[in-house]
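**Student:** Take this sequence and fold it.
(one chain, ligands or ions: 1)
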Amino acid sequence: MDSLPNVLIDRFQRRVDYVRLSVTDRCDFRCVYCMAEDMVFVGKQHILTLEEIFEVARAFVELGVSKIRLTGGEPLIRNNILSLIGPLGQLTGLEHLVLTTNGSQLQRLAGTLRHLGVKRINISLDSLQPRRFRQLTRHGNLDQVIAGIDAAIAARFDHIRLNAVILKGRNEDEVLDLVNFALQRKIDIAFIEEMPLGLIDEHDRALSFCSSEELRDIISRQYELQSLGDPREHDGPARYFVTGDGPTRIGFISPHSHNFCHLCNRVRVTAEGRLLLCLGNEHSVDLRSVLRAPGYSLDRLKRTIIEAMSIKPERHHFNLNATPDIVRFMNATGG
Ligand code: SAM
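**Tutor:** The predicted model follows:
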């Protein structure tokens with residue numbers, strides 16, 4: 001049998017060395033841009049077990065992946081999640097184990113996550129006003145999330161970044177407050193343009209859209225933003241700026257206004273084990289059926305992943321004025 005390569009390269013010569021693993025599609029929040037109010041979640045038997053998720057991680061790391069982000073849904077509400085994070089933290093070759101969370105469980109878990117080897121953490125925060133925070137998340141409690149952010153700061157992760165989605169007429173008046181909050185706590189913040197993933201009827205995405213340029217203008221009224229340059233390969237899609245007031249980086253992730261697909265080094269695996277090759281396209285491969293097939297082997301899984309590189313699309317196309325092409329919600333995608 002041919003020996004397997006130890007790097008993943010797609011047909012556009014992009015090296016894939018970053019995987020986002022969704023460990024659950026369930027969430028304790030229902031953020032208005034992410035989910036519908038009444039969500040139907042995937043049945044438990046269809047969700048990868050923690051052992052299967054670890055096996056997927058092992059296959060990717062043996063194929064040269066050095067960074068894994070655990071996400072969801074809300075990764076920290078998956079039962080026994082620490083029994084996955086512990087072994088992942090010990091996985092040889094995995095340089096960066098990172099996590100995206102809504103912060104609701106961090107007060108309890110931040111120290112343990114750090115201890116188990118999670119290096120960086122992204123925490124979503126769209127408002128600093130308790131009532132508005134509740135409206136945007138439908139279920140969230142702001143005090144609990146801020147306590148979680150402070151617990152993460154106390155746990156001394158290498159990097160903490162807040163993620164904010166700004167919607168016109170909803171929270172655009174809080175852009176500077178959010179920046180000031182990040183500056184005071186000496187952590188990063190990134191503003192993400194809303195993407196048309198999943199059918200929502202809570203707001204009209206075209207009307208609520210706030211571009212990164214508009215947000216930069218708002219911030220520039222108070223701060224002189226100095227660019228840290230264009231995103232480089234493997235640095236992620238955020239374009240970062242600093243204000244001169246400490247270490248905080250202010251980032252803009254602009255899937256609409258600044259296409260970054262040529263730098264794409266990532267793939268996603270959904271909680272059901274679907275390997276998604278692009279956030280904005282449906283190209284995917286079912287890893288669960290490989291994991292659950294009789295005579296399963298790690299080599300089989302690795303070969304399936306290698307073959308999938310040949311269908312990674314060149315780029316995504318988002319159109320806010322049309323019905324979303326992608327009907328899966330962000331929680332199903334693994335944000
Ligand atoms: N529950 C975790 C959290 O809240 O961070 C992880 C999953 S969540 C889907 C990951 C990130 O995706 C969050 O920062 C959220 O704001 C962002 N997100 C969700 N839906 C989005 C959309 N339609 N457009 C842009 N960002 C979105």
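**Student:** Now Arg114: closest residue in space, sequence neighbours ignored.
**Tutor:** If the residues on either side of it in the chain are set aside, Arg114 comes closest to Ala155, at 4.2 Å by CB to CB, 6 or more residues apart in numbering. For glycine as for every other residue, the C-beta is placed from the backbone atoms N, C-alpha and C.
**Student:** Number of residues surrounding the one you found?
**Tutor:** Neighbour count of Ala155, defined by other CB atoms under 10 Å: 18.
**Student:** That one touches Ala110, doesn't it?
**Tutor:** Yes. Ala155 is in contact with Ala110 according to CB atoms under 8 Å; the separation is 4.2 Å.
**Student:** what ranges do the helices span in the stretch 151-300 of the chain?
**Tutor:** 175-185, 205-208, 212-220, 287-291, 298-308 (DSSP state H, counting those that start in this stretch).
**Student:** who does the fourth one touch, helix- and strand-wise?
**Tutor:** This points to helix 287-291. helix 50-62, strand 274-276, helix 298-308 (3 or more CB pairs under 8 Å, 6 or more residues apart in numbering; DSSP states H and E).
**Student:** Please identify the deepest-packed of these.
**Tutor:** By mean neighbour count, with neighbours taken as mean count of other CB atoms under 10 Å, strand 274-276 ranks first of these at a mean of 23.
**Student:** which outside residues touch it?
**Tutor:** For strand 274-276, the external contacting residues (CB atoms under 8 Å, 6 or more residues apart in numbering) are 267-270, 283-288, 304-305, 308, 333-334.
**Student:** Distance to the ligand and mean pLDDT for the helices and strands packed on helix 287-291 - can I get that in JSON lines?
**Tutor:** Converted to JSON lines, the helices and strands packed on helix 287-291 look like this (distance: least, CB to the nearest ligand atom, whole Å; pLDDT from 0 to 100):
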{"stretch": "helix 50-62", "distance to the ligand": "15", "mean pLDDT": "98"}
{"stretch": "strand 274-276", "distance to the ligand": "13", "mean pLDDT": "95"}
{"stretch": "helix 298-308", "distance to the ligand": "22", "mean pLDDT": "97"}
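**Student:** what would those look like in a markdown table with distance to Leu215?
**Tutor:** Conversion of these to a markdown table gives the following (distance: least, CB to CB, whole Å):
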| stretch | distance to Leu215 |
| --- | --- |
| helix 50-62 | 34 |
| strand 274-276 | 27 |
| helix 298-308 | 35 |
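**Student:** can you tell which of these is closest to Ser257?
**Tutor:** Among these, strand 274-276 comes nearest to Ser257, with 22.9 Å by CB to CB.
**Student:** before we move on, which element is Ile121 in?
**Tutor:** For Ile121, the host element (DSSP states H and E) is strand 120-124.
**Student:** hmm, back to that, farthest pair within the contacts of strand 274-276?
**Tutor:** Of all pairs drawn from the contacts of strand 274-276, the one with the largest separation by CB to CB is Thr304 and Thr333; the distance is 19.8 Å.
**Student:** Now do the contacts for the residue nearest to Phe252 when sequence neighbours are not counted.
**Tutor:** Spatial nearest neighbour of Phe252, excluding adjacent residues (CB to CB, 6+ apart): Ser212 at 3.8 Å. Taking CB under 8 Å, 6+ apart as the criterion, Ser212 is in contact with Phe191, Glu193, Arg239, Phe252, Ile253, Ser254, Ser257, His258.
**Student:** lowest-pLDDT helix or strand in this protein?
**Tutor:** Among the helical and strand segments of the chain, the one scoring lowest on mean pLDDT, DSSP states H and E is helix 330-333, with a mean of 68.
**Student:** ok, and the most crowded of the contacts of Ser212?
**Tutor:** Using other CB under 10 Å as the neighbour test, the contacts of Ser212 are led by Phe191, with 27 neighbours.
**Student:** Tell me what it is bridged to.
**Tutor:** In this structure, Phe191 bridges to Ala164, Phe252 when assessed by DSSP bridges.
**Student:** Any part of stretch 119-135 near the ligand?
**Tutor:** Yes. For a cut-off given as CB under 6 Å from any ligand atom, stretch 119-135 has contacts with the ligand, namely Ser124.
**Student:** same check, this time on stretch 22-38
**Tutor:** Yes. Against the ligand, stretch 22-38 shows contacts by CB under 6 Å from any ligand atom at Cys27, Tyr33, Cys34.
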